[in-house]
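**Student:** Need a 3D model of the sequence below.
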Amino acid sequence: MRRLINQRPEILSRLLLAASPFFLAFLAYALASQARLAINPTDKLLPAWSTILDAINRMTFVPDLRSGDYLLLLDTMVSLQRLAIGVGLAMLAGFVIGVLQGLIPYVRATLANFTNVVSMIPALAILPILFITFGLGETAKIVLIFVGIVPFIIRDLAQRVEEIPHEQIIKAQTLGASTWQIIIRIVVPQMLPRLIDSVRLSLGPAWLYLIAAEAIAAESGLGYRIFLMRRYLSMDVILPYVAWITFLAFFLDFLLRGLRRVSFGWMYRGHM
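**Tutor:** The predicted structure follows:
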């Protein structure tokens with residue numbers, strides 16, 4: 001008897017199964033929109049696909065009358081810049097501190113409990129403090145992303161370092177390797193692919209912090225535009241922006257998975 005857990009779909013079946021939830025979601029929206037518009041043709045909650053396409057064209061290919069900017073492009077570039085700086089700084093700090101915390105007992109005794117406590121603080125709760133401290137400019141938004149994800153990266157990498165087989169450390173010391181050589185030759189090569197995994201898992205919260213900061217204090221950005229359009233109930237703009245943010249997040253995750261596969265395929269061979 002073939003058990004269900006041992007049955008694997010073929011390529012075509014896998015593609016159809018993967019596409020089916022998206023098709024059902026689009027179909028459900030189309031039916032709900034048609035039903036609402038049949039009752040109230042001016043309904044803004046679930047605009048027709050034609051209205052959404054008009055809004056996409058207006059935000060993407062038509063310059064803004066006041067500024068002359070292509071708003072979707074402008075908002076995307078501004079948000080991605082903030083995200084890249086915040087995640088990049090968190091990635092660098094998290095890697096250095098995580099490796100040292102996981103490998104060196106004195107660093108672990110000093111920082112482990114502090115990192116655990118800081119990681120429990122909701123980053124959005126300190127957003128007013130950041131705005132008061134750093135003002136309403138770019139710094140507060142970047143710091144929010146940094147503070148929101150760096151504790152997770154530190155804890156994750158520190159745990160991964162502790163999971164390195166102790167025999168490797170003992171053999172390296174037996175051969176005369178110093179602490180610095182152990183870090184460079186043994187720990188760092190094994191932690192770089194783990195760092196990519198940690199960043200991938202941190203992208204979701206990073207987007208959340210970015211959108212929240214832009215919604216409160218910004219003059220451009222994807223989050224700013226969504227909450228600006230909320231005032232006018234412009235769901236024809238909000239829905240494409242949400243879909244675009246989702247696509248960007250998925251695409252960044254795809255790029256990181258590709259980087260991991262190309263650079264560190266030896267570590268994931270057989271289960272990627």
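**Student:** how much space is there between the spatially most central residue of the chain and Thr115?
**Tutor:** By CA atoms, centre = their mean, the chain has its centre lying nearest to Leu203, at 1.6 Å. Applying CB to CB, to the nearest Å, the value for Leu203 to Thr115 is 20 Å. Placement of C-beta: from N, CA and C, glycine included.
**Student:** ditto for Ile164
**Tutor:** For Ile164, the distance to Thr115 - CB to CB - is 19 Å.
**Student:** can you list the weak-confidence ranges in the stretch 101-250 of the chain?
**Tutor:** For the stretch 101-250 of the chain, applying pLDDT under 70 flags no range at all.
**Student:** Can you point out the buried residues in stretch 242-262?
**Tutor:** Trp244, Ile245, Leu248, Leu252, Arg260 (16 or more other CB atoms under 10 Å).
**Student:** An error on my part: the question was meant for stretch 88-108.
**Tutor:** 89-91, 94-95, 97-103, 108.
**Student:** And stretch 178-194, by the same measure?
**Tutor:** Quick answer for stretch 178-194 (16+ other CB under 10 Å): Ile182, Ile183, Ile186, Val187, Gln190, Met191, Pro193, Arg194.
**Student:** now for the residues you listed, which pair is the farthest apart?
**Tutor:** Ile182 and Pro193 (18.2 Å; CB to CB).
**Student:** hang on, the earlier thing: between Ile164 and Thr115, which one's more packed in?
**Tutor:** Thr115 (21 against 16; other CB atoms under 10 Å).
**Student:** In which helix or strand does the more buried one reside?
**Tutor:** helix 105-119 (DSSP states H and E).
**Student:** Mind checking what helix or strand follows that helix in sequence?
**Tutor:** Assignment by DSSP H and E places the next element after helix 105-119 at helix 127-134.
**Student:** List the contacts of that next one.
**Tutor:** By CB atoms under 8 Å, 6 or more residues apart in numbering, the residues outside helix 127-134 that reach it are Ala140, Val143, Leu144, Val147, Ala212, Ala213, Ile216, Ala217.
**Student:** Quick check: closest non-adjacent residue to the fourth one.
**Tutor:** Read it as Val147. Ala123 (5.5 Å; CB to CB, 6 or more residues apart in numbering).
**Student:** List the contacts of that neighbour.
**Tutor:** Ala123 neighbours (CB under 8 Å, 6+ apart): Leu144, Val147, Gly148, Pro205, Tyr209.
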